[in-house]
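Q: here's my sequence, what's the structure:
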Amino acid sequence: MTQRSDKIFAAIRLNGGVDINILLQCVVDRLQSNKLSVQGHLQKEIMLPDRCKCDTYLENLMNGDQIKISQDLGNGARGCKLDNSMLLKLSDIAMRDLDLIPDLLIVNRFGRSEAEGGGFRDVIGKAISMGIPVLTAVKEEHYPDWKLFSDELGCELPSDCDNVLDWYGGILRTTIAEANKHVSTAR
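A: Numbering: from 1, shown residues only. Prediction:
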């Protein structure tokens with residue numbers, strides 16, 4: 001597992017052992033308690049009576065808005081319940097929010113949409129080009145696509161809040177060291 005502080009695109013592989021939504025919330029809470037700006041979305045699932053599947057929302061970390069990204073396909077439905085039009089709307093919002101230059105961007109999943117070239121993929125690319133670290137989670141079935149997309153900029157992290165924060169702290173230390181090199185050569 002590659003866990004280097006110079007890799008600004010990190011993924012946590014989903015293996016069913018950890019509730020990724022709780023882990024990402026832990027990361028957000030700890031960074032925000034240290035006055036760091038975290039942008040992106042966290043997934044919230046709400047169970048409704050008489051339904052076998054939950055409604056899925058993404059909560060905007062900048063303003064707390066929750067937008068439903070799932071479609072109600074009925075109790076017997078087996079297909080993907082993701083509402084791609086809402087995902088597109090949210091990625092447009094996230095793209096605009098990057099102008100605020102957050103300390104970290106969280107994309108709650110690198111999923112099928114991103115693997116196929118859509119979803120938040122352009123947002124991730126813009127953030128990386130701006131030097132903004134990106135944290136995501138990826139299912140096993142989409143891991144090869146994430147690996148191909150992340151190329152040399154990506155690393156895999158253990159599914160543990162402290163390890164994720166260690167990765168982010170390493171990014172900050174690397175950034176500060178680079179800035180200090182530029183200041184000392186400018187003198």
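Q: go through the top strand by length along the chain and flag the buried ones.
A: When the chain is parsed with DSSP state E, its longest strand is strand 38-46. Neighbour counts over strand 38-46 (16 or more other Cβ atoms under 10 Å) mark 38-44 as buried. Just so you know, the C-beta spots here come from the backbone N, C-alpha and C atoms, and that holds for glycine as well.
Q: quick one: which two of the residues you listed are the most distant?
A: Across those, the longest distance by Cβ to Cβ is 16.8 Å; it joins Gln39 and Lys44.
Q: before we move on, the earlier item: alpha carbons of the helix or strand following the longest strand of the chain, as PDB, please.
A: Counting by DSSP states H and E, the next helix or strand C-terminal to strand 38-46 is strand 55-60. The C-alpha trace of strand 55-60 is given here as PDB (Å, rounded to 0.1, in the frame of the first residue of the first chain):
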ATOM      1  CA  ASP A  55     -32.800   7.300   0.000                       C
ATOM      2  CA  THR A  56     -29.300   8.600  -0.500                       C
ATOM      3  CA  TYR A  57     -28.400  12.200  -0.100                       C
ATOM      4  CA  LEU A  58     -25.100  14.100  -0.500                       C
ATOM      5  CA  GLU A  59     -24.500  16.700   2.200                       C
ATOM      6  CA  ASN A  60     -22.500  19.800   1.000                       C
END
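Q: how far does strand 55-60 sit from the chain's center?
A: 13 Å (Cα atoms, centre = their mean, to the nearest Å).
Q: now do it: everything it contacts.
A: 41-46, 48, 65-70, 72, 81-82, 90, 93, 108 (Cβ atoms under 8 Å, 6 or more residues apart in numbering).
Q: just to revisit the earlier point, show residues contacting the longest strand of the chain.
A: If you take Cβ under 8 Å, 6+ apart as the criterion, strand 38-46 is touched by 21, 24-25, 27-28, 31-32, 54-62, 66, 90, 94, 97-98, 100, 102-109.
Q: can you tell me the centre-most residue of the chain?
A: Val107 (2.1 Å; Cα atoms, centre = their mean).
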